[in-house]
Structure formats: structure tokens, C-alpha cells
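K.L.:
Pasting the sequence and the predicted model now:
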Amino acid sequence: MSNVGALEALERLQVGNRRFIEGRQAHREITLQDQLDASAAGQSPFAIVIGCSDSRVPLEIIFDQGIGDLFVIRVAGNIVAPSQIGSVEFAAEQFGTQLVVVLGHSNCGAVIATLDELHRPSEQRSPNLHSIVDRIRPSVQSLLGSELEDDADAMLRAGVRANVRSSVAQLRHGSRILEDLIAAETLHVVGAEYSLSTGLVEFFEGVS
């Protein structure tokens with residue numbers, strides 16, 4: 001079981017991200033065998049991270065964490081569907097992990113595809129891809145017709161953050177198990193965005 005509280009877990013992620021940006025990753029100094037030996041008997045991840053499948057956002061690397069440190073769930077567009085909620089429930093109950101991070105990233109292809117679909121509906125996408133777009137659609141729909149309409153870059157930036165906030169809300173209110181843990185203050189769900197250009201992770205949702 002993890003004995004790391006949510007605030008400590010958040011600080012570990014922030015410090016690890018700073019190491020990544022500065023090119024001084026701590027886990028370069030830990031041998032692979034040491035990491036394997038430490039994790040072979042079981043796991044106690046200190047944070048759960050739901051991130052995008054984008055190959056440019058490898059979660060353990062950008063947070064400079066090792067084998068067994070993070071319980072990682074990756075899916076295009078960092079969407080939250082029943083399988084993702086179930087995975088979070090499992091980790092929170094099984095390992096006592098107290099922090100969940102929903103991590104979006106700049107120039108997210110799934111958000112771009114959703115905005116394109118809203119502007120130019122297409123029937124040529126596969127039903128499976130449509131299922132991802134349909135989960136992102138409600139979070140970005142309200143941006144259409146706003147002052148962002150004439151600024152595609154600003155629209156995309158707002159869409160990425162709106163999508164993260166939507167996923168955070170679904171985790172907070174889409175499961176009785178998670179709701180009870182949150183009410184007991186043994187689980188905290190926050191949102192963040194990773195910059196592809198700088199490597200910085202900015203926490204912006206649910207962080208006081």
C-alpha cells in the first residue's frame with residue numbers, strides 16, 4: 001500500500017518534471033536491476049496518471065519516475081470512459097494511491113480531430129475513432145461561437161484545457177467508489193497540461 005499523501009505525491013511529480021526539464025533525471029543513477037528488484041514483489045504507485053497515448057508524452061519520463069512509481073492509464077485524448085474509471089478505482093482501492101492526475105498536452109490530436117468534426121462533420125471516420133471524438137465533443141462544444149472562433153490556436157489551447165477539466169469532473173462524479181474516497185479526503189483528482197515545446201507540466205485544475 002502506498003503511504004504517500006496526495007500533496008506529497010503532487011510535489012514529487014512537480015520536482016520530477018523540473019529534473020526532466022533541466023536534464024538531470026535521477027533515475028539515470030539507479031540501475032535497471034535495482035528497479036526490477038524493488039518492484040518484483042508488488043507495487044505501491046504513489047500517483048495515478050491518466051494521459052494521452054501520444055508518443056511524445058511518455059509519462060514516467062516527463063515526471064522522471066521509475067518502475068513501479070506511477071499507475072499509468074493512457075488513451076487518446078486522455079478521455080474518461082468506464083474502463084478508465086474502473087482502472088482508477090482499482091488502483092485507489094488496491095494500492096491506497098491518493099492522487100489522480102489527468103494530463104492533457106498541447107496540440108492534442110484528439111482535440112484537433114474533435115474541433116475539425118464540429119466544424120466539418122465527416123462520416124468517413126471509423127466508429128471507434130468517433131467514440132473518442134464523441135467523448136471530447138461536449139467539453140469543447142461551447143467554444144464554438146465564442147470570441148475564440150477566429151483564433152484557431154487559442155481555440156485549441158482552450159479545448160485542451162476544457163477536455164482535461166471534463167475528464168477530472170467525470171472522475172470526481174462518475175463513480176460512487178471514487179466519490180466516497182474524495183469525500184473522505186483520501187483521494188484527490190487534479191488536472192494538468194504538458195507542453196510539447198518546453199517539457200513543462202502545468203497543474204491548473206483542482207490545485208489550490
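P.N.:
On my side now, so go ahead.
K.L.:
any idea which helix or strand comes after the longest helix along the chain?
P.N.:
Scanning the chain for the helix with the most residues, using DSSP state H, yields helix 152-173. Where DSSP states H and E defines the elements, the next helix or strand beyond helix 152-173 is helix 176-183.
K.L.:
Stretch 156-175: which residues count as buried?
P.N.:
Of all the residues in stretch 156-175, those buried under the rule 16 or more other C-beta atoms under 10 Å are 156-172, 174-175. Quick note: C-beta positions are derived from backbone N, CA and C, even for glycine.
K.L.:
what's the answer for stretch 174-183, then?
P.N.:
Gly174, Ser175, Leu178, Leu181, Ile182.
K.L.:
what's the farthest-apart pair in those?
P.N.:
Gly174 and Leu181 (12.8 Å; C-beta to C-beta).
K.L.:
and the gap between Glu89 and Thr186?
P.N.:
13 Å (C-beta to C-beta, to the nearest Å).
K.L.:
out of those two, which sits in the busier spot?
P.N.:
Higher neighbour count among Glu89 and Thr186: Glu89, with 17 against 14, using other C-beta atoms under 10 Å.
K.L.:
Just the residues contacting the longest helix of the chain, thanks.
P.N.:
Contact partners of helix 152-173, identified using C-beta atoms under 8 Å, 6 or more residues apart in numbering, comprise 50, 77-80, 85, 88, 100, 102-108, 110-112, 114-115, 136, 138-140, 142-143, 148-149, 178-179, 182, 189-193, 204-206.
K.L.:
of these, buried ones?
P.N.:
The neighbour count (16+ other C-beta under 10 Å) marks 50, 77-80, 85, 88, 100, 102-106, 108, 110-112, 114-115, 136, 139-140, 143, 148, 178, 182, 189-193, 205-206 as buried among the contacts of helix 152-173.
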